[in-house]
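Asker: coordinates only, no sequence provided:
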Ligand code: FES
Ligand code: FE
């Protein structure tokens, strides 16, 4: 079968017709172009500062198909280095996480300092075996340091990086989607930031195209039927309540031009009533109730949002309520991805709260999580059944709710399209198309629609 041209983006992603070619989910040429055009340019989630709290701590992450090392230097600054020796490409670090100032390549022994104090720049080449005898002291070490991401940004503990020096700032990239990210990253009492990763990171392989996952989490409320069995079993925080606590937003909000979206509520000025969710664990229940009361007092009538799950283009999703997590979808090939999940809790949460959150997370998400297993089965079989020459003649259908989006009061550039819609999926693939057409940094100029009772120029 002839490979599709990467230049036929409008034909592959036809948002006027509401159709998307299966080629973008299975084809090797498109996959290779995605690595160059999306993953070598977009802001990507790298990790969380709580994984590298001390100087010289490191955490090995990924940007697209490539391994990177997230490190913290002696001044507390955070760097992202390509995990590939500049001599013959060997991985200089094969651990997941640790503390180290110098990475010595296991192949021939070149060593690289991650700390700017030991070298002119983080990642600099500081040691070369037989430098005098074999290289005659002529090798220019300054030129052969590890490749460093030129753009790194921190946001409320999360670390992001881009390989594109011309990328817009992270906050412009996020737009008002930032408010929904805040919901996951802020403390439960409404104080800004202050969340941390509980325990380790779950990593596992799924035999599907990487886009199935962020598309699912950006606002697919249509697939509830997939989770019928887990709803019947009841794996919620206290058991016997479906699969979640029951404060469940019932609309989808997306950001055209930015490619992000969420299942959430538009901004509102009061807090929903507390819903007991941890009744089997009195200590945990008391803590959640107490932070809820603090949240009500602290936020007063300031606008706030709530959400359950959302996606930040291209490959990061997050759950803001229990199980409160960050997920990342690292591409491996057109039909394989590695999925990572980080469990988040308030940094000052008691051990009992962390333990119950972690247990709930494990039975909900991850390779053995009952809800996530349903999703992975869908993505895997859909990928497999889309590969064949006959299947590839037929595009996927994304026509649900076309033409019914409306602006969201209180948010710049956002649209809402009801509970069950493919609006957010179309927004995601619209952004995919802008990257693939080499126009990633022309962002929409968006007016913020006032909330009810606000004057037009407020806020
Ligand atoms: Fe690293 Fe040769 S590959 S020193
Ligand atoms: Fe699901």
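Answerer: Looks like it came in fine. Predicted, not measured: the structure shown is a model, and the values here were computed from it. Ligands and ions are numbered 1, 2, ... in the order given.
Asker: give me phi/psi at residue 325?
Answerer: Main-chain dihedrals, residue 325, degrees, to the nearest 10: phi -150, psi 160.
Asker: typo on my end, residue 165
Answerer: As for residue 165, its main-chain torsions (degrees, to the nearest 10) stand at phi -60, psi -20.
Asker: from ligand 1, how far off is the residue lying closest to it once chain neighbours are set aside?
Answerer: Nearest non-adjacent residue to residue 165, counting by CB to CB, 6 or more residues apart in numbering: residue 150, 4.6 Å away. Every residue, glycine included, has its C-beta placed from N, CA and C. Distance, residue 150 to ligand 1, using CB to the nearest ligand atom, to the nearest Å: 23 Å.
Asker: ok, residue 11 next?
Answerer: Residue 11 is 43 Å from ligand 1, by CB to the nearest ligand atom.
Asker: now do residue 80
Answerer: For residue 80 relative to ligand 1 (CB to the nearest ligand atom), the value is 19 Å.
Asker: contacts only, for the residue nearest to residue 165.
Answerer: Contacts for residue 150 (CB atoms under 8 Å, 6 or more residues apart in numbering) come out as 162-165.
Asker: same question for residue 204.
Answerer: Contact partners of residue 204, counting by CB under 8 Å, 6+ apart, are 338-339, 366-367.
Asker: now residue 221, nearest residue through space, not along the chain?
Answerer: Leaving aside its chain neighbours, residue 221 sits nearest to residue 420 (5.0 Å; criterion: CB to CB, 6+ apart).
Asker: which of the three states applies to that neighbour?
Answerer: Classification of residue 420 using DSSP: H, G, I helix; E, B strand; the rest coil returns coil.
Asker: re the thing from before, from residue 41, how far out is the residue nearest to residue 165?
Answerer: 11 Å (CB to CB, to the nearest Å).
Asker: identify the contacts common to the two.
Answerer: Shared contacts of residue 150 and residue 41, counting by CB under 8 Å, 6+ apart, come down to 162-164.
Asker: next, count neighbours for the residue nearest to residue 221.
Answerer: Look at residue 420: counted by other CB atoms under 10 Å, it has 16 neighbours.
Asker: pretty sure it contacts residue 400?
Answerer: Yes: with contact defined as CB atoms under 8 Å, residue 420 reaches residue 400; the gap is 7.3 Å.
Asker: show the average pLDDT along the longest helix along the chain.
Answerer: Using DSSP state H, we find that the single longest helix of the chain is helix 282-299. Average pLDDT, helix 282-299: 96.
Asker: now it: buried residues?
Answerer: Burial within helix 282-299, assessed by neighbour count using 16 or more other CB atoms under 10 Å, is assigned to 284-285, 287-288, 291-292, 295-296, 299.
Asker: next helix or strand past it?
Answerer: strand 307-312 (DSSP states H and E).
Asker: need the contact partners of that next one.
Answerer: 45, 174, 177, 180-181, 183-184, 214-215, 217-219, 244, 248-249, 260-265, 317-321, 424, 428.
Asker: now, those residues that are in strands?
Answerer: Of those, the ones assigned to strands by DSSP state E are 45, 260-264, 317-319.
Asker: any chance of the residues you listed in TSV, with distance to ligand 1 too?
Answerer: Output for the ones in strands among the contacts of strand 307-312, formatted as TSV (distance: CB to the nearest ligand atom, whole Å):
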residue	distance to ligand 1
45	28
260	39
261	42
262	43
263	46
264	47
317	35
318	36
319	40
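Asker: nearest to residue 384, of those residues?
Answerer: Comparing the ones in strands among the contacts of strand 307-312 against residue 384 with CB to CB picks out residue 317 as the nearest, at 22.4 Å.
Asker: neighbours of the nearest residue to the closest one once chain neighbours are set aside, how many?
Answerer: The shortest distance from residue 317 to any non-neighbouring residue, by CB to CB, 6+ apart, is to residue 217 (3.7 Å). Using other CB under 10 Å, residue 217 has 25 other residues around it.
Asker: got the residues of this protein near ligand 1?
Answerer: Contact residues, the chain versus ligand 1 (CB under 6 Å from any ligand atom): 85, 87-88, 90, 105, 107-110.
Asker: filter the residues you listed to the buried ones?
Answerer: 85, 87, 105, 110.
Asker: isn't the third one right next to residue 85, touching?
Answerer: Think residue 105. Yes: applying CB under 8 Å, one finds residue 105 in contact with residue 85, separated by 4.3 Å.
Asker: common neighbours of the two, please.
Answerer: 92, 112.
Asker: hang on, the earlier thing: overlap of the contact sets of residue 420 and residue 400?
Answerer: Shared contacts of residue 420 and residue 400 (CB under 8 Å, 6+ apart): residue 222.
Asker: nearest spatial neighbour of residue 193, chain-adjacent residues omitted?
Answerer: Nearest residue to residue 193, sequence neighbours excluded (CB to CB, 6+ apart): residue 156, at 4.0 Å.
Asker: tell me which residue in the stretch 351-459 of the chain sits closest to ligand 1.
Answerer: Residue of the stretch 351-459 of the chain nearest ligand 1, by CB to the nearest ligand atom: residue 435 (32.1 Å).
Asker: ok, that residue - how many residues close by?
Answerer: Counted with other CB under 10 Å, residue 435 comes out at 23.
Asker: centre of the chain to the helix or strand hosting it, how far?
Answerer: Element membership for residue 435 (DSSP H and E) is helix 423-436. Relative to the centre of its chain, helix 423-436 is centred 16 Å away, using CA atoms, centre = their mean, to the nearest Å.
Asker: which secondary structure elements does that helix contact?
Answerer: helix 9-12, strand 13-14, helix 212-217, strand 252-255, strand 260-264 (3 or more CB pairs under 8 Å, 6 or more residues apart in numbering; DSSP states H and E).
Asker: quick check: bridge partners of the most centrally placed residue in the chain?
Answerer: Centroid-nearest residue in the chain, with CA atoms, centre = their mean: residue 316, separated by 1.5 Å. Counting by DSSP bridges, residue 316 is bridged to residue 312, residue 328.
Asker: just confirm it contacts residue 327, I think it does.
Answerer: Yes: with contact defined as CB under 8 Å, residue 316 reaches residue 327; the gap is 7.2 Å.
Asker: about what we covered before: separation between the residue nearest to residue 165 and residue 80?
Answerer: 9 Å.
Asker: counting neighbours, what do you get for the residue in the stretch 301-450 of the chain positioned nearest to ligand 1?
Answerer: As assessed by CB to the nearest ligand atom, ligand 1 sits closest to residue 332 within the stretch 301-450 of the chain, at 22.6 Å. By the criterion of other CB under 10 Å, residue 332 has 16 neighbours.
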